[in-house]
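[1] any chance you could fold what I've pasted below:
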Amino acid sequence: MSRLGFAVCGLVVAVLIVPAAALAYSWPLRPFYEPHPIRGYFNDPRLSGPETGFHFGVDIVADDMTPVYAIEPGRAVVHGMAVSVFPRRGRPHLSYWHVMPAVRSQQRVRWHQVIGYVAPGAGHVHLAEIRQGTYINPLRLGGLAPYIDDTVPQIPRLTFYSQGQPIRPEDVTGFVDMTADAYDPPPLPALPEGWGQSWLSPALIRWRIVQGQNTVKQWETPVDFRTYLLPLSLFNFIYGPLTFQNKLNRPGHYEFYLAHDFDTRTLPNGSYVLQVDALDEQENVGQASFAFTVTNIP
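    Modelled structure (predicted):
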């Protein structure tokens, strides 16, 4: 299920849309065919430890020592506190992280066989999916199912930067960087204590510039997390300097670059509106509009 949300003076109006998505995988936790809370999305920012960069899977909330089940049969490979299962040729392989293994390497595992238990202190299982050597998004349409997201991404702020410093939108000149704060509220409220206000990254962000009824700058899509893991080299190109990840008792903050070194001289002096869309994996759309004025010296 998805819905389209319009932000108008703080009011969100939702229009329900039902996508035609085929079930690909059940969940690796019981109950298999009910959605589970998620506290970390694909390509979320990771700013410390071995995962610095883009998050290469999804974090599914679970109590410590909860059984973790194979959602595809295949051959197991154990590496530390993680288990990978390699299925038949042509299917992506799946890795289950932060688990105490209950299988050994090279063992054949069945569909929905217990392969491990959530490690003490982890509070979640990190599920990663790899196709032809590339991480792909487990929450893409046709991935983990059922997955019901009834929340609409939010875009609370736009910032213009000149030479690394924020400037007033009423006086935009020269070359500027443009960023938008955006987040997706968790689709399920049942996150554990301390994680309940966690924000998640949208799957796609796009923007355009309009003046009156005319589009003066066509849609651009600087952020697209829907399918593939992005390379580390793009991290500081996509995430702005105010970004930090979710942590226990501290919700994350996501600032996204819309454009680097945008030349405002391509626009005649005057008033404009920058329109921003943020979409999640199930194509719920949050929309926001921000007025700004170009005041270049002729």
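[2] the worst-scoring helix or strand of the chain on mean pLDDT: what's the following helix or strand?
    In the chain, the helix or strand scored least confidently by mean pLDDT, DSSP states H and E is strand 11-17, which has a mean of 32. For strand 11-17, the succeeding helix or strand toward the C-terminus, using DSSP states H and E, is strand 38-40.
[3] for the record, mean pLDDT for the next helix or strand after that next one?
    For strand 38-40, the succeeding helix or strand toward the C-terminus, using DSSP H and E, is strand 45-46. Looking at strand 45-46 alone, the average pLDDT works out to 93.
[4] partners of strand 45-46, with directions?
    Using DSSP bridges, strand 45-46 pairs in its sheet with strand 53-54 (antiparallel).
[5] now the strand it pairs with: how far from the chain's centre is it?
    Put simply, strand 53-54 sits 11 Å off its chain's centre (C-alpha atoms, centre = their mean, to the nearest Å).
[6] pLDDT averaged over that strand - what is it?
    Strand 53-54 shows a mean pLDDT of 94.
[7] point out where the chain drops to low pLDDT.
    The model of the chain has pLDDT under 70 over residues 1-23, 49-51, 189-190.
[8] chain neighbours aside, what residue packs nearest to the residue of it most remote from its centre?
    Ranking residues of the chain by C-alpha distance from their mean position (C-alpha atoms, centre = their mean) puts residue 298 at the top, at 41.8 Å. Closest residue to residue 298 in three dimensions, ignoring its sequence neighbours and counting by C-beta to C-beta, 6 or more residues apart in numbering: residue 269, at 7.8 Å. All C-beta spots, glycine's among them, are computed from the backbone N, C-alpha and C.
[9] same question for residue 229.
    residue 135 (3.8 Å).
[10] quick one: the one you found and residue 250, what's the gap?
    Between residue 135 and residue 250 the distance is 26 Å, computed by C-beta to C-beta, to the nearest Å.
[11] more neighbours: which of these two?
    residue 135 (21 against 13; other C-beta atoms under 10 Å).
[12] my guess is the more buried one meets residue 126, correct?
    No: contact status for residue 135 versus residue 126: not in contact, 11.5 Å apart, counting by C-beta atoms under 8 Å.
[13] shared neighbours, the two?
    Residues touching both residue 135 and residue 126 (C-beta atoms under 8 Å, 6 or more residues apart in numbering) are residue 57.
[14] which stretches in the stretch 151-298 of the chain count as helices?
    Per DSSP state H, counting those that start in this stretch, the stretch 151-298 of the chain has helices spanning 235-238. These are given in chain order.
[15] can you show me the strands along it?
    Using DSSP state E, counting those that start in this stretch, the strands of the stretch 151-298 of the chain run over 154-162, 165-167, 175-183, 204-211, 214-224, 255-263, 270-279, 285-294.
[16] redo those as a markdown table? Include mean neighbour count and distance to residue 44.
    As requested, the strands of the stretch 151-298 of the chain are arranged in a markdown table below (neighbours: other C-beta atoms under 10 Å; distance: least, C-beta to C-beta, whole Å):
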| stretch | mean neighbour count | distance to residue 44 |
| --- | --- | --- |
| strand 154-162 | 18 | 16 |
| strand 165-167 | 12 | 24 |
| strand 175-183 | 22 | 10 |
| strand 204-211 | 19 | 14 |
| strand 214-224 | 14 | 12 |
| strand 255-263 | 17 | 12 |
| strand 270-279 | 19 | 14 |
| strand 285-294 | 18 | 17 |
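[17] wouldn't residue 37 be in contact with residue 188 here?
    Yes: counting by C-beta under 8 Å, residue 37 does reach residue 188; the two are 4.5 Å apart.
[18] more neighbours, the two?
    More neighbours surround residue 37 than the other of residue 37 and residue 188, with 19 against 16 (other C-beta under 10 Å).
[19] tell me which residues touch that one, please.
    Residue 37 is in contact with 60-61, 186, 188, 190-191, counting by C-beta under 8 Å, 6+ apart.
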